[in-house]
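Colleague: okay, sequence plus prediction incoming.
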Amino acid sequence: MNFAEAELKGPEQESLTLKHRTSLFLLIAAYFFTVLVWVSPEGRFKDRMLRYLRPVAQATGIAQSWELFCPEPREINFHETAIINFQDGTAKIYEFPRMQKMDYGERFRHEKLRKMFYDCMPWPSFAQFLPDFAKFIARANANPNNEPVLITFVHHTRPMPAPDPTHWVKRDDLPEHIIQTPYFIYKVQPEDLHETR
Amino acid sequence: MKLADLTSAVNRFLFEPVSPTPIALFRICIGLIVLQDVFVHLLADFKVYYGDYAVVPIQSMVTKYWAKECYFDLMLLLPNDENWRLAFLFLIGLAALFMTLGLFSRVSMITVFLCLLSIDSHFELNQNDGDVYLRLACMILSMSNAGDAFSFDNLLRACREDWRITGFRPRLSSPWAQRWMQMQTALCYWHTFVAKMSGRRWIDGMAVYYTTRYDDIIRFPVPYFFDSILTVKLLTWGTLVTEFSLWALIWFRELRYWVILAGLFLHLGIEWAMNLPMFEWLFIASFLNFVYPEDLSKTMDKLKAKVYERYGPPRLFAYDGNSIYSVRAAGILHRLDMFGFLKLVDWRQPESPLANFTPSTQTLYLEESGNWISGPQAFSFLTRRLPWFMPVSPLFTVPALAGIGNFLYHLVEANQKLLLGGSCQTSNASEEAVPKC
């Protein structure tokens, strides 16, 4: 074969046996069956199937859901703070990292902090981790002469302005989050300040 | 329709051999995105997630999130020290680099998948939909033939082959993994479309107004004409139409590239307006799996034609058809020559007489402006033309460094039997040393 012919040819193609093809087809079919059950609406069928499929989906990491911004986009903006009360009666406010206060590069690098502190921490489905977040804040403020004793998480929120053509608010002029709601109080234990993995 | 027609259609769709070039390009993109994930996003706050004083210790993750479910986490096998977990992160980075380069492709893709699965299970709270999609892509890639093209594995294989027998094209193979990935991408669009259709704001057209006002993910400013009810409604409904097309219409050949174009606008628009790292680029990269291999070849041919217009026709590269080392060296250079700067000619073939050509003991012969240059001089020329060799170009072009370049060239030439040796199917080439001419 000369150069021109070699440019148009490749090594002989592989051929799969019927057994191999059938196995692959079943693998792909089982995958999509599991995923379709996973993303299907709640109901008896889903509950019954997930009894068997959940361990497989969790262990292999194929559990998935593609509901970003849906069914309804949220209509509020918010940020989170923690109030740290110390032994001597003083208090300190810690503001969890706010992306809108960072420059473009920092926002890009620390996106996973936003995911953790804003998409997970304040919401009921992750409430079981709130003591861990509180301990983290306590450890970060540990001081043998004046230890933190109480951690309070506060949710700062503000509804987005309604889309009214006569009072249109541009996305760069959104109002600050002035509605404050404390939602978790944690009493710091001495062992929390030295807890590692 | 008969059952046999259905099985035949499924068989064709999943198993009819095609070129692996689209999924190979997808592998490269996914490898780069894993590198970004590891070295930009995870490393930036590593201690917060995986340090000895992490926000959520692994015991809490296991008891409060895993509960009694099965999760896969190789990090639990490591000694309980953050330095080991940091090394684990670097291992993912190394495997992702190899995956991108296509070096030990299968092993590197499996390693990336298992490590991503572990790091995701180990700390679930920093995982967004992009991480899930990345993990799924790596899982499917690890079973695929994505290392069969655009890879160092291919190049290393070429070091042991005779291209006059195997040809230069990548091996055709069953695209079942590529089809799996296509269906996974379509499933994502289907699910998000169905979920949006049950949302009031998506139907009344105001969803984009709210989504672009999440002040925690705002990125760059959007042009002023977006600040109108009409634009907001058009963008909202346009998103629905595009997402519908991306799972329903993309399968029709006549519509595929138009749908992909609409998808590109959608994702680039989101990428501009919102700070959702990785997510948009993952879906943009997934469109590569929908590109027909023959269209990729046509695009490459057009690109080469543009290169010829600018730099002239390909230069003749003479190889010795009686020396397998010369044949293999020529083959490797051709594989690295992505813009087609070289045309290989066997100087021993009587039907291709080369004007002004006088063979010597050199391995490389290159025609430049009607004259033949050889050895380090020819290689120096190649370093200025072939993008892969450009990093070493200063070793041949900067006079102070030329000694190093010459030394390295002669070192490689002297060890060509070691580098290009081994058994192979040959046509008429000898595996003995380069013949004296």
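Modeller: Here it is on my side, so go on. If you're wondering where the values come from, they're calculated on a predicted model, not measured in any experiment.
Colleague: alpha carbons only for contacts and neighbour counts from here, please
Modeller: Noted.
Colleague: tell me the SS of the residue nearest in space to the middle of chain A?
Modeller: Nearest residue to the geometric centre of chain A (C-alpha atoms, centre = their mean): residue A:115, 4.2 Å. Using DSSP: H, G, I helix; E, B strand; the rest coil, the structure places residue A:115 in helix.
Colleague: OK, contacts around it?
Modeller: By C-alpha atoms under 8 Å, 6 or more residues apart in numbering or on different chains, residue A:115 lies in contact with B:125, B:126, B:127, B:128.
Colleague: I'd like these as TSV, with distance to residue A:52, neighbour count and pLDDT appended.
Modeller: Converted to TSV, the contacts of residue A:115 look like this (distance: C-alpha to C-alpha, whole Å; neighbours: other C-alpha atoms under 10 Å in any protein chain shown; pLDDT from 0 to 100):
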residue	distance to residue A:52	neighbour count	pLDDT
B:125	25	23	95
B:126	27	19	95
B:127	25	18	93
B:128	25	20	93
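Colleague: in chain A, where is pLDDT below threshold?
Modeller: Applying pLDDT under 70 to chain A flags the ranges A:195-197.
Colleague: helices or strands next to the longest helix anywhere in it in the packing?
Modeller: Assignment by DSSP state H gives helix A:18-39 as the longest helix of chain A. If contacts are counted by 3 or more C-alpha pairs under 8 Å, 6 or more residues apart in numbering or on different chains; DSSP states H and E, helix A:18-39 sits against helix A:44-60, helix B:176-197.
Colleague: and among these, the most buried is which?
Modeller: With neighbours defined as mean count of other C-alpha atoms under 10 Å in any protein chain shown, those peak in mean count at helix B:176-197, which reaches a mean of 21.
Colleague: that one to helix A:18-39, inter-axis angle?
Modeller: 20 degrees (axes from the mean of the first three to the mean of the last three C-alpha atoms, to 10 degrees).
Colleague: what's helix B:176-197 packed up against?
Modeller: In terms of contacts (3+ C-alpha pairs under 8 Å, 6+ apart), helix B:176-197 is packed against helix A:18-39, helix B:3-15, helix B:129-142, helix B:229-248, helix B:279-286.
Colleague: check these for me: which has the lowest mean pLDDT.
Modeller: With a mean of 92, helix B:3-15 has the lowest mean pLDDT of these.
Colleague: which SSE is immediately downstream of it?
Modeller: Counting by DSSP states H and E, the next helix or strand C-terminal to helix B:3-15 is helix B:21-36.
Colleague: quick check, that following helix touching chain A?
Modeller: No. Helix B:21-36 is not in contact with chain A by C-alpha under 8 Å from any C-alpha of the partner chain; minimum separation 9.5 Å.
Colleague: other SSEs contacting whichever helix or strand comes after that helix?
Modeller: Tracing the chain past helix B:21-36, the next element assigned as helix or strand by DSSP H and E is helix B:46-50. Judged by 3+ C-alpha pairs under 8 Å, 6+ apart, helix B:46-50 is in contact with helix B:82-101.
Colleague: do the helix it packs on and chain A meet?
Modeller: No. Residues of helix B:82-101 are not located near chain A by C-alpha under 8 Å from any C-alpha, the shortest gap being 9.7 Å.
Colleague: tell me what angle that helix forms with helix B:129-142.
Modeller: Orientation check (the same axes, to 10 degrees): helix B:82-101 against helix B:129-142 gives 60 degrees.
Colleague: quick one: helix B:82-101 to chain centroid distance?
Modeller: 18 Å (C-alpha atoms, centre = their mean, to the nearest Å).
Colleague: where does residue B:320 land on pLDDT?
Modeller: 84.
Colleague: count of residues packed around it?
Modeller: Using other C-alpha atoms under 10 Å in any protein chain shown, residue B:320 has 23 neighbouring residues.
Colleague: quick one: it and residue B:361, what's the gap?
Modeller: From residue B:320 over to residue B:361 the distance is 10 Å, taken as C-alpha to C-alpha, to the nearest Å.
Colleague: TSV please, covering the helices and strands packed on helix B:176-197 and showing distance to residue A:102 and mean neighbour count.
Modeller: As requested, the helices and strands packed on helix B:176-197 are exported to TSV (distance: least, C-alpha to C-alpha, whole Å; neighbours: other C-alpha atoms under 10 Å in any protein chain shown):
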stretch	distance to residue A:102	mean neighbour count
helix A:18-39	35	15
helix B:3-15	47	13
helix B:129-142	22	22
helix B:229-248	27	19
helix B:279-286	20	20
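Colleague: so which of the ones you listed gets nearest residue A:88?
Modeller: helix B:129-142 (43.9 Å; C-alpha to C-alpha).
Colleague: so which elements touch the closest one?
Modeller: Contact partners of helix B:129-142 among helices and strands, from 3+ C-alpha pairs under 8 Å, 6+ apart: helix B:21-36, helix B:105-122, helix B:176-197, helix B:279-286.
Colleague: mind running it again at 7 Å?
Modeller: For helix B:129-142, the packing partners by 3 or more C-alpha pairs under 7 Å, 6 or more residues apart in numbering or on different chains; DSSP states H and E come out as helix B:105-122, helix B:176-197.
Colleague: can you list the ones you listed in JSON lines and add mean pLDDT?
Modeller: Output for these, formatted as JSON lines (pLDDT from 0 to 100):
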{"stretch": "helix B:105-122", "mean pLDDT": "97"}
{"stretch": "helix B:176-197", "mean pLDDT": "97"}
